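S.K.: Pasting the sequence and the predicted model now:
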Amino acid sequence: MSVQLGTLEELPQDYRDAMTEAGVAPLWPMMRKVLPHGKPIPTTKPSYWNFQHLRPLLLRAGELTPVEKAERRVLVMSDQGRGTGAMQATSSIYIGMQLLLPGETAPAHRHTPSAARIIVEGKGGFTVVDGEKLPMNRGDLVLTPGGDWHDHGHEGDEPVIWLDALDLPLFVYLEGSYAEEAPLQAQRNRPDAALVEYAAAGLVPSRRGNQARRYPMARFPWARTEAALRQMAQYTDGVVEMDYVNPETGESVLPVMGFTAMMIRPGETVRPPLSSESAVFHVIGGAGESLVDGCKITWSEKDTFTAPVFAEVDHKNTGSEPAFLIRVHDRPLQEKLGYYEERAR
Ligand code: GTQ
């Protein structure tokens, strides 16, 4: 039963003026806007970025703006529903494409929001997270958890480009977003934890009294992820998706953002259930078409697109090779808040 609620216009002007004067407003005209029936009404619209269009703009930023003048040389990818310049790709996820040129460094800072990078192209880039030097190879997922110092560097000879995903919008909303700056960090002289402590799935270092770090593994090399997906695809008929997890706890790798690697077989169409998560899809390899709430998105390698909460999504691999995507989503946040939900279509 849905009752038509009263409007502001129905109220006498003197009463409305008196309320404004007193710093109050009636709830009932705004009730359905904040509590719609049945499911949320997202502001977010399906959005798509063709990497071949972004690339020249990013390289031009490299000519126009020295990294010292940018701190981070990033083109922000704004949700269509919010308009260009919006620092949101979905309600909770910010994304941007970052460029670092050979020899450049981006200074150390740390901030309350967490960041993750998915490496798009170029060799020789690295991020230092709390002293640990993390190589950035194509498709790698590199985490810079909130509160951890991080700076970027580049030892190669071609531009390095990566996709940044941050839980920044939530921190801005909470009025909790700020950063601190510091000189470049000293780097520990050993490979990162993915190669030292967590070289094999299911094995973690024995600890006698020593606690694991809160974010023990900051880099997930793509080569391993792809091998795991292909292996699963070979021996299962179902949807091939793997979540990135903290190897010590099995929980999501960051508190707010989740990351899921997906493989779609040639010719395959996947129809996930409706879900309360919002998502950013980044294409590591392959080509396909996705229908997101009726909006057709044709994608190939290095492209990025989004799906709002409860979107009807179909992904079809239209190529002859497997397609690989990494999905950035906010399921960990929603699970912590106790409202993550899936619905049959
Ligand atoms: O690389 O630290 O896209 O602090 C936005 C804010 C990247 C970064 C962004 C940041 C960074």
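M.R.: Okay, I see it. Numbers count the residues shown, from 1 in each chain.
S.K.: which parts of stretch 137-148 are buried?
M.R.: Across stretch 137-148, burial judged by 16 or more other CB atoms under 10 Å covers 137-146, 148. C-beta coordinates here come from the backbone N, C-alpha and C atoms, glycine included.
S.K.: Next: stretch 129-136.
M.R.: Those would be 129-130, 132-136, for stretch 129-136 by 16+ other CB under 10 Å.
S.K.: Would you mind naming what in the stretch 101-250 of the chain lies close to the ligand?
M.R.: 111, 115, 150, 164, 166 (CB under 6 Å from any ligand atom).
S.K.: So what's the residue count around the fourth one?
M.R.: Taking other CB atoms under 10 Å as the criterion, the count of residues near residue 164 is 19.
S.K.: quick one: the strands in the stretch 151-300 of the chain?
M.R.: 160-166, 179-182, 219-220, 240-243, 258-264, 269-270, 274-275, 279-285, 287-292, 295-300 (DSSP state E, counting those that start in this stretch).
S.K.: Take those and write them to CSV, including mean pLDDT.
M.R.: Below are the strands of the stretch 151-300 of the chain laid out as CSV (pLDDT from 0 to 100):
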stretch, mean pLDDT
strand 160-166, 98
strand 179-182, 94
strand 219-220, 98
strand 240-243, 98
strand 258-264, 98
strand 269-270, 98
strand 274-275, 98
strand 279-285, 99
strand 287-292, 98
strand 295-300, 98
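S.K.: returning to that earlier point: keep only those of the buried residues of stretch 129-136 that are in helices.
M.R.: If you go by DSSP state H, the buried residues of stretch 129-136 have nothing in helices.
S.K.: Out of those residues, the closest to the ligand would be?
M.R.: Set against the ligand, the nearest of the buried residues of stretch 129-136 by CB to the nearest ligand atom is residue 129 (10.4 Å).
S.K.: Identify the bridge partners of that closest one.
M.R.: Beta-bridge pairing for residue 129 (DSSP bridges): residue 132, residue 150.
S.K.: I'd assumed residue 143 was in contact with it.
M.R.: Yes - here residue 129 reaches residue 143: they are 7.2 Å apart, a contact under CB atoms under 8 Å.
S.K.: on that earlier part again, tell me the one of the residues of the stretch 101-250 of the chain next to the ligand nearest the ligand?
M.R.: Looking across those and measuring by CB to the nearest ligand atom, the closest to the ligand is residue 164, at 3.5 Å.
S.K.: Quick one: neighbours of residue 188, just the number.
M.R.: Using other CB under 10 Å, residue 188 has 12 neighbouring residues.
S.K.: Phi and psi next, for it.
M.R.: phi -70, psi 140 (degrees, to the nearest 10).
S.K.: So the closest residue to it other than its chain neighbours versus residue 182, what's the distance?
M.R.: Nearest residue to residue 188, sequence neighbours excluded (CB to CB, 6 or more residues apart in numbering): residue 131, at 4.9 Å. According to CB to CB, to the nearest Å, residue 131 stands 12 Å off from residue 182.
S.K.: Contact partners for residue 325?
M.R.: 261-262, 264, 281-284, 315 (CB atoms under 8 Å, 6 or more residues apart in numbering).
S.K.: could you dump the buried residues of stretch 137-148 to CSV with pLDDT, distance to residue 46 and secondary structure?
M.R.: Shown next, in CSV, are the buried residues of stretch 137-148 (pLDDT from 0 to 100; distance: CB to CB, whole Å; DSSP: H, G, I helix; E, B strand; the rest coil):
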residue, pLDDT, distance to residue 46, secondary structure
137, 97, 30, coil
138, 98, 26, coil
139, 98, 24, coil
140, 98, 27, coil
141, 98, 23, strand
142, 98, 27, strand
143, 98, 26, strand
144, 97, 28, strand
145, 97, 29, coil
146, 97, 28, coil
148, 95, 32, coil
